[in-house]
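K.L.:
when you get a sec, could you give me coordinates for this:
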Amino acid sequence: MALLFAYDPYFGKPCFLKKHSYQNSWKRETSCTHIRAFDKVRLFYYCCRCGCTPSASRPRISAVVFQLYTWKCPNNNCKKDIVETNDQFEDKNLQENGRSILKRIILAFLLCLLTASFHKSVTYANPFRQSRSFVHSRKINQKSTAPSVWSWRYSQLLKAVKQGQVMRVMFSADQSQLIAITKDGARYKLRALPPHTSNLIEYLAKHKVDVVILPRYKESGLVYFLKGLLFPIPFVLLLYFLQKSLLGSSLAPFDLQRSNARVSLRVYVGVTFQDVAGYDNVKVELQEVVEFVRNPETFSQVGAKVPRGVILEGPPGTGKTLLARAVAGEAGVAFFSIAGSEFVEMFVGVGASRVRDLFAQAKRNAPCVIFIDEIDAVGRQRGAGIAGGNDEREQTLNQLLTEMDGFDENKGIIVLAATNRSDILDRALLRAGRFDRRIVIDLPDMNTRTAILKVHARGKALDSFVQLENIARRTPGFSGASLQNLMNEAAILAARRDHQRIMEEDLEDALDRILLGPEKKQFTFNDYYKRLVSYHEAGHALVGALSPNYDQVLKISIVPRGSAGGLTFFSPIDESRVETGLYSRQYLESQLAVGLGGRIAEEIVFGEDQVTTGAANDFQHVTHIARQMVTKFGMSSILGPIYVDQSSGNHPFLGREFALRNNVYLSGETKLCIDQEVTRLVEQAYRRARKVIENNRRLLDKLANMLIEQETVSSEELQLLLSEDEVFLMDYEELAQDPKEISDLQNDIWQKYNFIQPILENISMHSKIDNAEK
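P.N.:
You can find the predicted model right below:
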């Protein structure tokens, strides 16, 4: 950063022009009103980093060429050279100057044409044009001495000639008009003549009328030349405005091959690692990248090589771009940012040329960091096109591979990329030497979600009773962007309800709104369907509450939202299960039973003939889990612990998704076995869930009636309901044979809802456990 001054010749003192940066032209920000475009001024600088100034003053130069000079700070400890502009902004200024010059040329040409249109320099006088001016003059000024011109019909002309009143008749060159002059000096014009005027001329000669045929009107050479150029002007202007408005400056002929990377040569970007909540392990990895850029000598002394590239992969909204901005803020070097979709345009060869231009700019500003967002747009696996011909995207990818690790070495350049689809990236792009490090950014855990909520709660009026830890516990699987949206939706709801602060109910309603959609206040169930939905949701909740090692029921609601008439919310007891993605077979079987609980409750209460289509999504979810248990997780007793690959394994000539659809490696017997195992798992879960609901019919009725009255039942109310009545748990003998294991499964249910021990004395499962131990 440098301050640019100029010597003001009017006041005799330095005049501040601008706080100089690389992204702006000094002409736009100048505060000196006394320096014109071509004034001779004297320049000098003041370095904002070290406070030094050049020893010798700059010679007098024109103000127009300010941006063509550079200045190097004389302080050896100052790490950065102060460069007024780079090539990209010079070309931009030249383009703007060229456009202004073109506008001036067009304006001058139009003025010349307008002047020539009023030019009256003619070879011969044209009485027909003069006659129009005489008529106009007579209408404006009655005192004009110009002769008046009147109109005649053809019959009136013949009659006047016959009577001897006409002295002279003047024909136009094409004999389409004439002017008759009478003996008293009056003029009469006839604009329409018969096709053949030879008879009229003979008639005039017979009556001794002077006939004059005027020569053709001739314009001056200048006017004739300008009129010849008038025809292409509208087309030129049309093309110019089309290029400016529709195509834009980015598609100009000289800008097609230039990179659209946003260059930030400032030291401070505004975001550091302190602004990123959580992700401590990711920040440690990226901090090493920052140290590589800042002090490469530290690593080169021990023989370590600086990594060429780092790729950030993870689900959408996890903060990959935010971490890249934090790297730019921490490194303090030049930072180039570009999206993967900005390389490829409609013309062939533009993508590869832009890659070359991007790395050429990076070499001039090394050490630097290049950030490519959504690199999967340009780094997709090659050979997956339908046409099979020359692909522009593949040319761009090949050029990127060459620039990152080709014949020429790029010292001091680190490429940072972000993607949420690393599985489709080309293998050559992910090999060592190009992207040496792959940093996985997973969805935040509970502690990270709490920290993110606290960050997004800054500047918002939160009620003192709001516990962000409870909100974080209810949002497993939420990304940082989703949590930011949650806090924003809660603030909007609080303002809509005229709350002075964001209440906990605002956060809960905002969470329900994000998960299910807005509440349908205008839609109301009748008594029958309200009772049906209540029993359906009560069946899900009851089976989930009495299933071992399953999630805790958080809330039950029959308020219609989005496409759902009701929903039962579950909260994981063990957060590590969600983080690691490790689910036991017992948990998956319980999930199958919970998904079938709604349909089973409808069958038991209303009969099999009165069941509805409300369980369609439940069946889809249950079938998907059961098929994964058989084909991926090795939980089938018939197929055994194997993984059934349903892909064809062919080269994705028509696309990877097309290739994965053909299960050519599966025989008919294997497919039949898979279907039978899926059906067996679903039927087994159906029997268990039905047994739980039948044994706890009284609890089902109480919970359904509570939903009909309140429409929403919380976890505490469900816990109180289960502790007040006799509870028959799931038949554990089908899940485990060891008595100790059966006892542990039952204790899990007790601890999940904090049952009181004396109330559980009447549970019949105690007798089963005692008999099993004997």
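K.L.:
ok, now which ones touch residue 475?
P.N.:
When contacts are counted by CB atoms under 8 Å, 6 or more residues apart in numbering, residue 475 touches 449, 482, 483, 486, 511. In this view, the C-beta of every residue, glycine as well, is placed from N, C-alpha and C.
K.L.:
nearest residue to residue 169 other than its sequence neighbours?
P.N.:
residue 180 (5.1 Å; CB to CB, 6 or more residues apart in numbering).
K.L.:
give the buried residues for the helix or strand hosting that neighbour.
P.N.:
Assigned by DSSP states H and E, residue 180 belongs to strand 178-182. Across strand 178-182, burial judged by 16 or more other CB atoms under 10 Å covers 178, 179, 180, 181.
K.L.:
tell me which element the residue lying closest to residue 335 once chain neighbours are set aside is part of?
P.N.:
Nearest non-adjacent residue to residue 335, counting by CB to CB, 6+ apart: residue 328, 3.9 Å away. Using DSSP H and E, residue 328 sits in helix 320-331.
K.L.:
give the rounded mean pLDDT of that helix.
P.N.:
Averaging pLDDT along helix 320-331 gives 85.
K.L.:
tell me the buried residues in that helix?
P.N.:
320, 322, 323, 324, 325, 326, 327, 328, 329, 330, 331.
K.L.:
and stretch 170-177, by the same measure?
P.N.:
Going by 16+ other CB under 10 Å, stretch 170-177 has these buried residues: 170, 171, 172, 177.
K.L.:
swap in stretch 467-485?
P.N.:
Result for stretch 467-485 [16+ other CB under 10 Å]: buried residues 468, 471-476, 478-480, 482-485.
K.L.:
cool, stretch 337-345 as well?
P.N.:
Those would be 337, 338, 339, 340, 342, 343, 344, 345, for stretch 337-345 by 16+ other CB under 10 Å.
K.L.:
over to stretch 506-517?
P.N.:
Buried, per 16+ other CB under 10 Å, within stretch 506-517: 506, 507, 508, 509, 510, 511, 512, 513, 515, 516.
K.L.:
including distance to residue 313, pLDDT and secondary structure, could those residues go into TSV?
P.N.:
Formatted as TSV, those follow (distance: CB to CB, whole Å; pLDDT from 0 to 100; DSSP: H, G, I helix; E, B strand; the rest coil):
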residue	distance to residue 313	pLDDT	secondary structure
506	35	90	helix
507	31	91	helix
508	33	88	helix
509	34	88	helix
510	29	90	helix
511	28	89	helix
512	31	85	helix
513	30	87	helix
515	26	84	helix
516	30	79	helix
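K.L.:
residue 705 should be in a helix, yeah?
P.N.:
Yes - when DSSP: H, G, I helix; E, B strand; the rest coil is applied, residue 705 is found to be in a helix.
K.L.:
tell me, how many residues neighbour it?
P.N.:
Neighbours of residue 705 under the rule other CB atoms under 10 Å: 14.
K.L.:
check contacts around it.
P.N.:
residue 534.
K.L.:
domain parsing for the protein?
P.N.:
2-85, 127-218, 262-440, 446-516, 527-722 (automatic domain parsing).
K.L.:
closest one to residue 103 among those?
P.N.:
Comparing the domains of the chain by their distance to residue 103 (CB to CB), the top pick is domain 2-85, with 16.3 Å.
K.L.:
list the buried ones in the strand or helix carrying residue 673?
P.N.:
Secondary-structure element containing residue 673, defined by DSSP H and E: helix 668-695. Using 16+ other CB under 10 Å as the test for burial, helix 668-695 gives 673-674, 677-678, 681-682, 685-686, 688-693, 695.
K.L.:
list the helices and strands that helix packs on?
P.N.:
Contact partners of helix 668-695 among helices and strands, from 3 or more CB pairs under 8 Å, 6 or more residues apart in numbering; DSSP states H and E: helix 527-545, helix 585-606, helix 616-631.
K.L.:
measure how it sits relative to helix 585-606, angle-wise.
P.N.:
Counting by axes from the mean of the first three to the mean of the last three CA atoms, to 10 degrees, helix 668-695 points 60 degrees away from the direction of helix 585-606.
K.L.:
please renumber the chain so that the first residue is 65 from this point on.
P.N.:
All set: I'll call the first residue 65, so the last point we hit is now helix 732-759.
K.L.:
so how far is residue 791 from the closest residue to residue 357 other than its chain neighbours?
P.N.:
What sits nearest to residue 357 in space, not counting adjacent residues and going by CB to CB, 6+ apart, is residue 395, at 4.8 Å. Distance of residue 395 to residue 791, given as CB to CB, to the nearest Å: 60 Å.
K.L.:
same check, this time on residue 643
P.N.:
For residue 643 relative to residue 791 (CB to CB), the value is 31 Å.
K.L.:
ditto for residue 597
P.N.:
For residue 597, the distance to residue 791 - CB to CB - is 24 Å.
K.L.:
so where's the stretch 665-814 of the chain shaky on pLDDT?
P.N.:
Along the stretch 665-814 of the chain, segments meeting pLDDT under 70 span 709-729, 792-814.
K.L.:
can you rerun that using 50?
P.N.:
712-718, 722-723, 796-797, 799-801 (pLDDT under 50).
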